[in-house]
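1. model this:
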Amino acid sequence: MKTLLSTVLIFLLIISCNSFLNTTSTTKDPLPEHAVRIANDSLEYEILIIDIGFEAYLNSIARPASFYSQQYYETRNRLYVTEWNIRFQNPGNYDTSIYENRIDYNFTIDYGLDVNYKLYNYFKFVEYKYNQKF
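-> Numbering: from 1, shown residues only. The predicted structure is shown next:
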């Protein structure tokens with residue numbers, strides 16, 4: 001009886017693992033509501049910002065992308081990303097619900113104006129919404 005039960009449990013475990021491995025999808029999942037996608041397909045990376053209110057902030061409060069130069073956005077993003085990652089690495093000192101992920105921003109890559117603009121404004125949004133100072 002114990003052997004039969006053990007055999008059935010092992011069989012079920014094998015079947016459940018196999019079905020889990022075969023659940024890959026070839027279609028992209030739709031973006032969650034209020035998500036903003038920051039991407040440069042030629043560089044093969046993507047950032048999804050799911051913070052509620054960011055899209056509205058970007059469309060109503062943020063200045064237009066042409067207000068500053070790409071170089072300005074890149075310079076500010078270097079400072080903001082560095083500070084963000086320091087806060088991410090120190091969860092005892094900073095709110096982990098704000099700094100949930102590390103930002104992998106390579107300072108030597110030209111991400112383009114659109115990406116730098118949206119990333120810069122996300123930092124401004126965090127300052128605005130969560131009363132954070134970078």
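2. let me see the contact set for Tyr117.
-> Residues counted as contacts of Tyr117 (Cβ atoms under 8 Å, 6 or more residues apart in numbering) are 65, 73. For glycine as for every other residue, the C-beta is placed from the backbone atoms N, C-alpha and C.
3. what pLDDT does it get?
-> Note for Tyr117: predicted pLDDT of 95.
4. before we move on, what about Glu74?
-> 97.
5. and for Lys28?
-> Lys28 is assigned 52 on the pLDDT scale.
6. one more: Ile49?
-> On pLDDT, Ile49 comes in at 79.
7. phi first, then psi, for it.
-> The phi/psi pair for Ile49 (degrees, to the nearest 10) reads phi -110, psi 120.
8. where do the helices of the protein begin and end?
-> Taking DSSP state H as the criterion, the chain carries its helices at 2-21, 54-60, 70-89, 113-130.
9. mean pLDDT lowest where, among the ones you listed?
-> Averaging pLDDT over each of the helices of the chain puts helix 2-21 lowest, since it has a mean of 48.
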